[in-house]
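1. Structure, please.
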Amino acid sequence: MASFDGQGFMMVDNSWIQTKAIDVGSTTDISPYLSKILEDSVWNGNRSIVFDVYWDVESVNTKSEWRLCSVKFSTKNFCLFLRLPNPFSDNLKDLYRFFASKFVTFVGVQIQEDLALLKENHGIVIRSSLEIGKLAAVARGTPIVEFLGTRELAHKILWYDMSRLDSIQSKWDEASSNDRLEAAAIEGWLIFNVYDQLQQ
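-> As a prediction, this is how the structure comes out:
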């Protein structure tokens, strides 16, 4: 049974996000954690998983090569952060299958380029995805929100206190790993709530 035994963080509405950060090795079984994320997305009704991806970029013969180095998944109650190996190992087939799930929608901010890079560089195809900025622009009749980042979009839709996230981001280079994990949890929770709000 997967245990999200990392640091837990309280959000501004007093909800609690439990985290798990994993350095994925060739023998690491990530499937129980992915199943827990999937289960939570279904249990909470809207079948959405907020995702964010991070890239390493290397220049090879004047050409840039993009490699997925980590990925974050968030639901109402959990935040899972996976640091991925280089080169990719066989156990990442679970990640490929997870992204291809037709039972949930993967929600993100400014994800069009990421979707293209995932397919082009790793053959990862996300079957059901949603650009939250586009949804917000249509739902609120305000085209400009389509181009906002996570923090700005969440502030525009939710009007939550962003001081804790601002505090971490303003000292990012000196931030501890726990602070960075808290920022990741806050950002995922914010986008989950934006999506939830826009569906009402």
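2. List the buried residues for the biggest helix by length in the chain?
-> Of all the segments of type helix in the chain, defined by DSSP state H, the longest one is helix 177-199. Across helix 177-199, burial judged by 16 or more other C-beta atoms under 10 Å covers 179, 181-195. In short, each C-beta sits where N, CA and C put it, glycine included.
3. how about the strands in this structure?
-> 8-10, 16-23, 48-60, 63-74, 78-83, 105-108, 129-131 (DSSP state E).
4. The last one packs against which elements?
-> Applying 3 or more C-beta pairs under 8 Å, 6 or more residues apart in numbering; DSSP states H and E, one finds that strand 129-131 makes contact with strand 105-108.
5. Now with 10 Å, please.
-> strand 48-60, strand 105-108, helix 112-122 (3 or more C-beta pairs under 10 Å, 6 or more residues apart in numbering; DSSP states H and E).
6. Over to the first one?
-> Helices and strands touching strand 8-10, as assessed by 3+ C-beta pairs under 10 Å, 6+ apart, comprise strand 16-23, helix 177-199.
7. now with 7 Å?
-> strand 16-23 (3 or more C-beta pairs under 7 Å, 6 or more residues apart in numbering; DSSP states H and E).
8. residues making contact with the strand it packs on?
-> Contact partners of strand 16-23, identified using C-beta atoms under 7 Å, 6 or more residues apart in numbering, comprise 4-11, 28, 30, 33, 77-83, 181, 185, 189.
9. okay, the strands of the chain in a markdown table with mean neighbour count next?
-> Formatted as a markdown table, the strands of the chain follow (neighbours: other C-beta atoms under 10 Å):
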| stretch | mean neighbour count |
| --- | --- |
| strand 8-10 | 15 |
| strand 16-23 | 18 |
| strand 48-60 | 17 |
| strand 63-74 | 18 |
| strand 78-83 | 23 |
| strand 105-108 | 22 |
| strand 129-131 | 17 |
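10. Pipe the ones you listed into CSV and attach mean pLDDT per row.
-> Compiled in CSV, the strands of the chain are given as follows (pLDDT from 0 to 100):
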stretch, mean pLDDT
strand 8-10, 92
strand 16-23, 94
strand 48-60, 87
strand 63-74, 88
strand 78-83, 95
strand 105-108, 94
strand 129-131, 94
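11. Save the ones you listed as CSV, and put in distance to residue 92 too.
-> Shown next, in CSV, are the strands of the chain (distance: least, C-beta to C-beta, whole Å):
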stretch, distance to residue 92
strand 8-10, 27
strand 16-23, 12
strand 48-60, 13
strand 63-74, 9
strand 78-83, 9
strand 105-108, 16
strand 129-131, 19
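12. and the residue nearest in space to the middle of the chain, how far is that from residue 176?
-> Centroid check for the chain by C-alpha atoms, centre = their mean gives residue 51 as the closest residue, at 2.5 Å. The spacing between residue 51 and residue 176, counted by C-beta to C-beta, to the nearest Å, is 24 Å.
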